[in-house]
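Participant: The sequence and its predicted three-dimensional model are supplied below.
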Amino acid sequence: MSLILCIETSVTPYGVVLVSEGEVVFNSLTAAVVNQDKDVATIVHAAFQAAGQKPGALTKIAINRGPGGTSSIRTGVAFANSLAYSLRIPVVGFNTFELLGIAGWQQFHCPVISTVKSIKGNAYVGLFAAGEIAATQYGPLAAVVQEMTANLPEFAVAGAHREAIQNMFPGRTVHDTGQKFGLATAMLDLPDLLATRGLLYPAFIRPITEESSLFFAE
């Protein structure tokens, strides 16, 4: 039996999805009782109760490791790592650019620029194309987006700066995905990554920050 717990804490309200044999049996964003709760453990407990399942039946945990709200991301990642360790099951890490990107790609079938707010006018920016991340960068929003889209006559935008980016390119085709943040359900739309990225302790998921290797050339 396959029972997967997907967790999204990059923004509030947190998203918790429980998937049994490929079918979503609980989604916190549609469960009015818990969808405003900011305690991930409480939401996860509600998920198991609502679905009539027990944590011991889990076969895998998936978590968005960011970027996003730093404290929220750290909370979610720590919870996912701890639960996976206690159950001796794999934990899978996704990032915000993948979750926003796959949704935008399915909607418009073109590259997707996703952004997450940071401090001092900076932003986390990712380019998703053909099912994977093509580029990531951290820095001043306008400069980074101009560079990343220099050769893109058409693209979609997701995240916190959609309107601002559309206004930067009046002569280009820029689609608005309407999505400000990633959804836990989007992890299910990346089945290859969900199947192959699992880490078992002593390996564990690390939260993404502006200092993460994702934003620096190897």
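Facilitator: Nice, I can see it. Residues are numbered from 1 along each chain as shown.

Participant: How about stretch 209-218, which residues are buried there?
Facilitator: T209, S212, L214, F215 (16 or more other C-beta atoms under 10 Å). To be clear about C-beta, it is placed using only N, CA and C from the backbone, and glycine gets the same treatment.

Participant: Pull the distance from it to the chain's centre.
Facilitator: Chain-centre distance of stretch 209-218: 17 Å, with C-alpha atoms, centre = their mean, to the nearest Å.

Participant: Let me see the mean pLDDT of it.
Facilitator: Averaging pLDDT along stretch 209-218 gives 72.

Participant: how far away is H161 from W105?
Facilitator: Distance, H161 to W105, using C-beta to C-beta, to the nearest Å: 19 Å.

Participant: do V44 as well
Facilitator: Distance of V44 to W105, given as C-beta to C-beta: 29 Å.

Participant: What of L188?
Facilitator: Relative to W105, and taking C-beta to C-beta, L188 is found at 15 Å.

Participant: who's more crowded, these two?
Facilitator: W105 (21 against 17; other C-beta atoms under 10 Å).

Participant: Without its sequence neighbours, what residue ends up closest to that one?
Facilitator: Excluding the flanking residues, the one nearest W105 by C-beta to C-beta, 6 or more residues apart in numbering is V112, at 5.6 Å.

Participant: for the most centrally placed residue in the chain, what are its contacts?
Facilitator: Taking C-alpha atoms, centre = their mean, the centroid of the chain lies closest to T96, which sits 3.4 Å from it. By C-beta atoms under 8 Å, 6 or more residues apart in numbering, the contact set of T96 is 10, 64, 66-68, 114, 116, 124, 126, 159, 181-182, 208.

Participant: so what's it closest to, chain neighbours aside?
Facilitator: Leaving aside its sequence neighbours, T96 sits nearest to G182 (C-beta to C-beta, 6+ apart; 5.1 Å).

Participant: That neighbour: which element?
Facilitator: Following DSSP states H and E, one finds G182 outside all helices and strands.

Participant: pLDDT wise, what is it at?
Facilitator: 88.

Participant: again with K120
Facilitator: 89.

Participant: Does it fall in a helix, a strand, or a coil region?
Facilitator: Judged by DSSP: H, G, I helix; E, B strand; the rest coil, the three-state class of K120 is coil.

Participant: please begin residue numbering at 47 from this point
Facilitator: Fine by me, first position is 47 from now on; the one you just mentioned is K166.
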